[in-house]
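>>> Okay, sequence plus prediction incoming.
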Amino acid sequence: MDVESSKAAVMKAESPKKHKRRNICLGVTAAVILFIFLLLLILGLTVFKPKQPTTTVDSTSISDLKVSFDTARLRVDVNLTLDVDLSIKNPNKVSVKYKNSSAFLNYRGQVVGEAPIPAAMVGINYPA
């Protein structure tokens, strides 16, 4: 019986150490998870917040201007070609891929022109 009672005494003596180590391990793990969560929350509210892209009209030109007067119907027909160069600066840290699209020119609620936009990918602009 002495052997069994000594084993029980040793197990009881080690038990608080194991609980203390387990509690320390759980505490460190919880602290690391909380730190990572707070870090991602702060980054999500500041750095990863989407920003509006800046669109700039670089140049415009009108060519092939043709004006005709229809006195019988009291109207003026204007036919022209409008060339516009745009640049868009995306301050977000992502790239954008888009498929074929169209740009429409509206005048007083009426579509007066359409321009096709081919598929492309806009990447990240790194400062020089």
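Done, it's in. Here the structure is a predicted model, which is why all the values come from computation and not from measurement.

>>> if I pick Val96, what's in contact with it?
Contacts for Val96 (C-beta atoms under 8 Å, 6 or more residues apart in numbering) come out as 90, 121-122. All C-beta spots, glycine's among them, are computed from the backbone N, C-alpha and C.

>>> next one: Leu105
With C-beta under 8 Å, 6+ apart, Leu105 has these contacts: 82, 111-115.

>>> what's the answer for Ser59, then?
Residues in contact with Ser59 (C-beta under 8 Å, 6+ apart) are 83-85.

>>> quick check, nearest of those to Asp58?
Asp85 (4.3 Å; C-beta to C-beta).

>>> the strands in the chain, which residues?
54-70, 75-89, 96-98, 101-107, 110-117, 120-122 (DSSP state E).

>>> quick one: which of the contacts of Ser59 is nearest to Ser15?
Ranked by distance to Ser15 (C-beta to C-beta), the contacts of Ser59 are led by Asp85 at 77.4 Å.

>>> right, and Thr56 touches Leu86 too?
Yes - counting by C-beta atoms under 8 Å, Leu86 is a contact partner of Thr56 at 7.0 Å.

>>> before we move on, the earlier item: a markdown table please, covering the strands of the chain and showing mean pLDDT and distance to Lys17.
Output for those, formatted as a markdown table (pLDDT from 0 to 100; distance: least, C-beta to C-beta, whole Å):
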| stretch | mean pLDDT | distance to Lys17 |
| --- | --- | --- |
| strand 54-70 | 89 | 62 |
| strand 75-89 | 84 | 61 |
| strand 96-98 | 73 | 57 |
| strand 101-107 | 83 | 68 |
| strand 110-117 | 84 | 70 |
| strand 120-122 | 75 | 59 |
